[in-house]
Each structure stands twice: as C-alpha cells, then as structure tokens.
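Engineer: Pasting a predicted model and its sequence here:
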Amino acid sequence: MQWLKTPSDFPPQLEPAEQVGVCLKHIQSRAGVSQSTASQYMAVLQRAHLVTSTKIGPWVHYKRNAEYLDRLAGTIKTDL
C-alpha cells in the first residue's frame, strides 16, 4: 500500500500510473515474488476495497482506493 502512494516511483508504462495504477508486473518485480503471489496479494487488497484495478490488454494495474481509505481513516478516528 505504501508503494502505491507514489506510483511515479515505478518504471514508466504505456498508460500513466497516476491515472490507471501500477502494472502488476512492476509490483511483482519490486516485491521479489512470483506473478501468482503478487496477484493473490493484490486480489486480497481489492476484496478489502483498499485498491482498485484496471485491465489494459493482458495487464492489470492497481492503485489505492483513496476515497475508501479516507472514509476508513475517518471511521477509525471517530469510532475507535
């Protein structure tokens, strides 16, 4: 999640990461894990609504779900 705060820190890709998210292959490379492990991890984050995904060609791009994270932070701050 921290890495996705600054998508410009990842290698360039055809579509701007700030708009469509970071390609899974870049997340996989930085994490040093297999494609399936990275995919499973990102799927968990997506099911938790912490990230959103966009499929472009054969690649899936992920970015932080800023709106949900803001609401979650507000709920934690006021209710917990």
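Structural biologist: Cool, got the structure. Numbers count the residues shown, from 1 in each chain.
Engineer: Identify the residues contacting the closest residue to residue 5 other than its chain neighbours.
Structural biologist: Distance criterion CB to CB, 6 or more residues apart in numbering; nearest residue to residue 5, sequence neighbours excluded, is residue 64 at 6.7 Å. For glycine as for every other residue, the C-beta is placed from the backbone atoms N, C-alpha and C. Neighbouring residues of residue 64 by CB atoms under 8 Å, 6 or more residues apart in numbering: 1, 4, 5, 50, 51, 52.
Engineer: and those residues, which are buried?
Structural biologist: By neighbour count, with 16 or more other CB atoms under 10 Å, the contacts of residue 64 hold 4, 50, 51, 52 as buried.
Engineer: can I assume the second one is in contact with residue 69?
Structural biologist: Yes - contact between residue 50 and residue 69 holds when scored by CB atoms under 8 Å: they sit 6.7 Å apart.
Engineer: Residue 20 is in contact with residue 54, isn't it?
Structural biologist: Yes - with contact defined as CB under 8 Å, residue 20 counts as touching residue 54 (4.8 Å).
Engineer: anything in contact with each of these two?
Structural biologist: Listed contacts common to residue 20 and residue 54 are 61, 63; contacts here mean CB under 8 Å, 6+ apart.
Engineer: quick one, which of these two is more surrounded?
Structural biologist: residue 20 (21 against 14; other CB atoms under 10 Å).
Engineer: Look at the more buried one and report its pLDDT.
Structural biologist: Here, the pLDDT recorded for residue 20 equals 96.
Engineer: Same check on residue 80?
Structural biologist: Among the per-residue scores, residue 80 holds a pLDDT of 84.
Engineer: One more: residue 42?
Structural biologist: Predicted confidence (pLDDT) for residue 42: 98.
Engineer: Next, give phi and psi for the spatially closest residue to it that is not a sequence neighbour.
Structural biologist: If the residues on either side of it in the chain are set aside, residue 42 comes closest to residue 62, at 5.3 Å by CB to CB, 6+ apart. Dihedral pair for residue 62: phi -120, psi 140, per degrees, to the nearest 10.
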